[in-house]
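Colleague: model this:
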Amino acid sequence: MSTKYLLREYYELCPGGICQDLLTEEEKIQVKEGATFLSGVMQRCDEQNGNGRVYPGGILQREVKNYMKVVEENRACGELDHPEDSVVNLKNASHMVVSLWWEGKDLMGKVKVLSTPAGKILAALVNDGVKIGISSRGLGSVKEHQGKTLVEDDFQLICFDIVSEPSTQGAYMMMNESKQKQVWSKADRINRLLNDIIGDK
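Modeller: Numbering: from 1, shown residues only. Have a look, this model is predicted:
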């Protein structure tokens, strides 16, 4: 039986700032009243990511379809920073996913920053120009196949968190667009080490 691990992937929200052109008229009114929305790439399928993993299209599409039910029920909350947990703790919720859609292999999405304590911190960081990334959190096992680490069929998407250290080059939501070198966080290095160990079995 395969062992499930907490799988976390980091992607770019909106390079160059908040994507106002993706907002509905109602959301634009909310922005005028002080709300903050972030948008961009949330996940990607069929390509090796910065953590060395590949999410097969069929598996990721299935999980996104399931997650859409949570989005439609206004329950798709995420946390500020990645907890070492497979449960979303509402006391730490900073944002809520309000829409998801596919553009080729890219899963695009839009999140609303909440008026919670963590959400106020996130809004302040964004407004002050701090570079922000988005990261999926899920449970699943992996296997090595033709030199790649494939996420297996038991993968379960949990949520999308806001993070500071991306593993994908340029994976930031930022106020001023700039080229960034690839950054590996401690969590990324641990994930890669675990993948190497699994691959040796």
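Colleague: Please report how far the residue nearest the centre of the chain lies from residue 146.
Modeller: Centroid check for the chain by C-alpha atoms, centre = their mean gives residue 135 as the closest residue, at 2.5 Å. According to C-beta to C-beta, to the nearest Å, residue 135 stands 26 Å off from residue 146. Every residue, glycine included, has its C-beta placed from N, CA and C.
Colleague: which residues of the chain score low on pLDDT?
Modeller: Scanning the chain for pLDDT under 70 picks out the ranges 1-2, 10-22, 165-201.
Colleague: would you list every one of the helices in it?
Modeller: 25-32, 57-72, 117-127, 186-199 (DSSP state H).
Colleague: Dump those into JSON lines; add mean neighbour count and distance to residue 107 as well.
Modeller: JSON lines is the format used below for the helices of the chain (neighbours: other C-beta atoms under 10 Å; distance: least, C-beta to C-beta, whole Å):
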{"stretch": "helix 25-32", "mean neighbour count": "12", "distance to residue 107": "19"}
{"stretch": "helix 57-72", "mean neighbour count": "16", "distance to residue 107": "6"}
{"stretch": "helix 117-127", "mean neighbour count": "17", "distance to residue 107": "21"}
{"stretch": "helix 186-199", "mean neighbour count": "15", "distance to residue 107": "20"}
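Colleague: Rebuild those helices as JSON lines, extending it with distance to residue 162.
Modeller: What follows is the helices of the chain, written out as JSON lines (distance: least, C-beta to C-beta, whole Å):
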{"stretch": "helix 25-32", "distance to residue 162": "18"}
{"stretch": "helix 57-72", "distance to residue 162": "16"}
{"stretch": "helix 117-127", "distance to residue 162": "6"}
{"stretch": "helix 186-199", "distance to residue 162": "14"}
